[in-house]
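Novice: sharing a model that was predicted from the sequence below.
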Amino acid sequence: MPNSHISAIKITMRKSLVILASAFMLSACFHNPITPQDSTLQSQQAPTIPFTDDPTATPVDFDLDLQNFSFSPNVIQASPGDTIIVRLNVTQGFHDFVIDELEVKSSQIGQGSQEVIEITIPADTPSGTEYEFYCSIGNHHDLGMTGTLTVQ
Ligand SMILES: [Cu+2]
C-alpha cells in the first residue's frame, strides 16, 4: 500500500512539471513580439551627436589652452553680430571661461578635458569694445587668469 501511494504522488508531480513547462512556453510566446520592438527602439536611439559631445570634431574659430593660471592665447577678436565658436582645452588644473557682460559661462573643466562654447556678439556692439574673459574658479582671476575679447 505505501508504495502505490508514493508512485501516485510522483505522477502528480510529473503532471505539474508538464503544466509548468507549458506555462513557461506560453509566456515565452507572449514575450516574443516585444523583442523586435526593443531592437527597433535601440536603433532609433543610435548616435545623434550633440554639439558639445565631440569637441575635437567641431570646427572652431578659436582654440584656447587653459592652464594655471592663464589663457593661451589671451586675446580673441570678433565683429559685431558674430557668433564665434571657442574650444577650451584644459591642459592643467581645473578652470572655466566666463564673460559677464555676454552672459557666457562654460562648465568647470578638468585637466585633459575640452568644451566648445558659442559666444554671440550683439550686432549693436560698438567697434572697439573690449570684454574681459576670465576663470571664475577660486582666485584664478586675481592670479592673472584673464583675457580680452575685442570687438572690431
Ligand atoms: Cu582657473
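Specialist: Perfect, I can see it now. Residues are numbered from 1 along each chain as shown.

Novice: so what pLDDT did the nearest residue to residue 140 once chain neighbours are set aside get?
Specialist: Of all residues not flanking residue 140 in the chain, residue 69 sits nearest, at 5.0 Å (Cβ to Cβ, 6 or more residues apart in numbering). The way it works is simple: take the backbone N, C-alpha and C, and place the C-beta from them, glycine included. We have a pLDDT of 98 for residue 69.

Novice: show me the contacts for residue 69.
Specialist: By Cβ atoms under 8 Å, 6 or more residues apart in numbering, the contact set of residue 69 is 93, 135, 140, 143-145.

Novice: which residues of the chain lie near the ion?
Specialist: 95, 135, 137, 140, 145 (Cβ under 5 Å from the ion).

Novice: for the last one, grab the count of nearby residues.
Specialist: A count of nearby residues for residue 145, using other Cβ atoms under 10 Å, gives 25.

Novice: mind listing the helices for this protein?
Specialist: Secondary structure of the chain (DSSP state H): helices at 2-31, 34-44.

Novice: I figured residue 136 was touching residue 98, is that so?
Specialist: Yes - proximity of residue 136 to residue 98 meets the contact threshold set by Cβ atoms under 8 Å, at 4.7 Å.

Novice: common neighbours of these two, please.
Specialist: residue 105.

Novice: more neighbours: the two, which one.
Specialist: residue 98 (18 against 15).

Novice: what's across from that one in the sheet?
Specialist: residue 105, residue 134 (DSSP bridges).

Novice: check contacts around residue 60.
Specialist: With contact taken as Cβ under 8 Å, 6+ apart, residue 60 is in contact with 85-87, 116.

Novice: thank you kindly, that will do.
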